[in-house]
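**Student:** quick one, what's the 3D model for this:
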Amino acid sequence: MTSPGREAGNVSVFAIGMLALIAACCLGLGRLGAAVLVQARAEAAADAAALAAADQLALGRGGRAAHDAAAATARMNGAELVRCDCEGVAAEVEVEIDAVAGLAEPGRARARAEVDFSAAESAPVRGP
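**Tutor:** Numbering: from 1, shown residues only. Okay, here's the model as predicted:
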C-alpha cells in the first residue's frame, strides 16, 4: 500500500495534461475554421470575377475589358486575379486570397461563366 503523500500531485498532472489537450484541439479547430473561411472567400471572389468578365463579354466589350472587370471585382472581394481566359462567350478565372492572420494557407479558386444568348433571342421585346 502507498502512502497518501506520494499520490497528492497526480490530479494536478492529469489536469495540466487535459488542459494541454483541450488547447491543442482548440488551436486545430481554429486553423481548420480559418482554412474553410479563406477557401469560401476565394470561391466567392472567383465566382464574382467570372460573372463580371462574362458581363463585359456579353456587352461586346472584348477580352481586355473582361480581364479588367475580373481583376477589379477580385480586388473588391479581397483577392488577386491570377489568371483570366476571357474569349468569345466564356470567362474562366483563377483568384488567390491571402490567409487570415497566418492561420491558414492562401486560398485559390477557379470559376467559369458563359454568356448564353439563347435566352435573349427567345424573350419578347417590349417597346415603349
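**Student:** neighbours of the closest residue to residue 42 other than its chain neighbours, how many?
**Tutor:** Leaving aside its sequence neighbours, residue 42 sits nearest to residue 107 (CB to CB, 6 or more residues apart in numbering; 3.5 Å). To be clear about C-beta, it is placed using only N, CA and C from the backbone, and glycine gets the same treatment. For residue 107, the number of neighbouring residues by other CB atoms under 10 Å comes to 24.
**Student:** now do the SS call for the spatially most central residue of the chain.
**Tutor:** Taking CA atoms, centre = their mean, the centroid of the chain lies closest to residue 42, which sits 2.2 Å from it. At residue 42, secondary structure determined by DSSP: H, G, I helix; E, B strand; the rest coil is helix.
**Student:** that one reaches residue 94, doesn't it?
**Tutor:** No - contact criterion CB atoms under 8 Å: residue 42 and residue 94 do not qualify, at 9.5 Å.
**Student:** which residues do the two both contact?
**Tutor:** Both residue 42 and residue 94 are in contact with 108, 109, where contact means CB atoms under 8 Å, 6 or more residues apart in numbering.
**Student:** who's in contact with residue 70?
**Tutor:** By CB under 8 Å, 6+ apart, the contact set of residue 70 is 49, 50, 52, 53, 81, 84, 86, 91, 93.
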